[in-house]
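J.: next input, structure requested:
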Amino acid sequence: MPVKHDLFADLSLTRDEVAERGRRDARLQQLLNDYESADVEVLNAEKGSAGGIGDDALRTLKEKRLLVKDRIVQRLSEI
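T.: Numbers count the residues shown, from 1 in each chain. Just a heads-up that it's a prediction; the model follows:
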């Protein structure tokens, strides 16, 4: 069963705090958009909406999402 990850809980910030920082920093906003897209890809794959991809492909999507989250954490530490 697909479970949407709570990025904001992982960041220990509220949705509003992250949104405000994103409004002030274009790079962070792009990373947040990238994360949302990656999360949708993972959720669709887990639901089978992606054409029944295999375990390796799903793992790759999850790794992509994690990489974007790591970049968000890094960017937040820089601004």
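J.: so Leu28 sits against Gly22, correct?
T.: Yes: contact criterion CB atoms under 8 Å: Leu28 and Gly22 qualify, at 5.0 Å. In this view, the C-beta of every residue, glycine as well, is placed from N, C-alpha and C.
J.: and the lengthiest helix in the chain, how far out from the chain middle?
T.: Counting by DSSP state H, the longest helix found in the chain is helix 55-78. Here helix 55-78 is found 7 Å from its chain centre; the criterion is CA atoms, centre = their mean, to the nearest Å.
J.: what of stretch 16-34?
T.: Distance of stretch 16-34 from its chain centroid, counting by CA atoms, centre = their mean, is 12 Å.
J.: now stretch 15-25: buried residues?
T.: Residues of stretch 15-25 classed as buried: 18, 21-22, 25 (neighbour count, 16 or more other CB atoms under 10 Å).
J.: pick the one among those closest to Ala45.
T.: Of all the buried residues of stretch 15-25, Val18 has the smallest distance to Ala45: 24.6 Å, by CB to CB.
J.: which SS class is Leu13?
T.: Under DSSP: H, G, I helix; E, B strand; the rest coil, Leu13 falls in the coil class.
J.: quick one: contacts for it?
T.: Leu76 (CB atoms under 8 Å, 6 or more residues apart in numbering).
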